[in-house]
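Novice: requesting a structural model of the entry that follows:
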Amino acid sequence: MRATDFEFRNRFWVICAVFAAGFACSSFDHQNAAFALARGVGASVHLVLGVGAVLAAAAAVLRTWASSYLRTAVVKDRALHADRLVADGPYRHVRNPLYLGTLMLAVCFGLMASRVGLLVIVGGLLVVVLRLIGREEAALAGTQGSGYTDYRTRVPRLWPAVLPQVPASGARPAWRQAIAGELMMWAFALGAGAFTVTLDRRLLYGFLVLGSIGYLPGLEARRSKGGLAQET
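Specialist: This next block holds a predicted model:
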């Protein structure tokens with residue numbers, strides 16, 4: 001299961017399309033997923049949405065941590081970089097922390113969609129992510145050889161290991177560019193938290209707009225391309 005070159009180069013827009021398709025499902029399924037789940041388990045809708053907001057915040061932290069080692073210029077680049085293997089920070093626990101963060105965000109926003117929309121967003125993003133990972137793994141295996149084979153054997157693909165599975169190489173994180181590159185995720189997490197408390201979609205949409213604007217530093221950063229393994 002590998003993404004095509006078109007899918008990989010346009011992965012941001014492919015992911016956006018999945019989210020859009022999920023929210024469009026409300027046109028025929030009018031029941032919100034979070035409200036339906038809250039009734040099903042006998043919990044408050046604020047609690048259900050709160051779990052989603054926590055996931056979104058954790059996703060922002062995880063993606064920022066990962067970007068501090070991989071570099072935003074590489075994360076946002078449309079080209080695939082496989083000339084170096086990054087195995088520090090979160091990459092010692094899970095091979096694809098950035099994609100894992102994307103899936104966590106999908107669960108959060110899926111709860112704000114309809115019941116069918118939740119399935120479309122989470123299921124669709126899982127398929128997209130696995131296809132992207134398949135393409136990257138094939139490229140890394142071709143350029144890194146036995147070193148990547150050993151890393152892939154020891155470190156889980158998407159379910160993080162509690163303890164580091166490979167030794168640190170001593171690489172230093174670059175936090176400033178990582179935070180700038182993941183401003184979109186932080187804005188989305190704040191929007192999810194605001195919506196959890198108020199149930200006011202205007203606040204949510206406001207943070208979504210801010211998040212979209214926050215994506216621009218990443219677009220600017222990718223003009224200065226790095227030479228590390230690619231993931232987004």
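Novice: and the most centrally placed residue in the chain, what helix or strand is that in?
Specialist: In the chain, the centroid-proximal residue (CA atoms, centre = their mean) is Thr102; its distance is 1.8 Å. Per DSSP states H and E: Thr102 is located in helix 97-110.
Novice: using CSV, write down the CA coordinates of that helix.
Specialist: C-alpha atoms of helix 97-110 as CSV (Å, rounded to 0.1, in the frame of the first residue of the first chain):
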residue,chain,number,x,y,z
PRO,A,97,5.1,10.5,15.2
LEU,A,98,3.9,13.2,12.8
TYR,A,99,1.4,10.9,11.2
LEU,A,100,0.3,9.6,14.6
GLY,A,101,-0.4,13.2,15.6
THR,A,102,-2.5,13.7,12.4
LEU,A,103,-4.6,10.6,13.3
MET,A,104,-5.1,11.9,16.9
LEU,A,105,-6.4,15.2,15.4
ALA,A,106,-8.7,13.2,13.1
VAL,A,107,-10.3,11.6,16.1
CYS,A,108,-10.8,15.0,17.8
PHE,A,109,-12.4,16.6,14.8
GLY,A,110,-14.3,13.5,13.8
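Novice: what's it packed up against?
Specialist: In this structure, helix 97-110 packs against helix 11-24, helix 45-70, helix 115-144, helix 183-198, with contacts taken as 3 or more CB pairs under 8 Å, 6 or more residues apart in numbering; DSSP states H and E. All C-beta atoms are positioned from the backbone trio N, CA, C, and that covers glycine.
Novice: contacts for it?
Specialist: 15, 19, 22, 33, 52-53, 55-56, 58-60, 62-63, 65-67, 70, 75, 89-91, 94, 117-119, 121-122, 125-126, 129, 132-133, 158, 160, 185, 188, 192, 231-232 (CB atoms under 8 Å, 6 or more residues apart in numbering).
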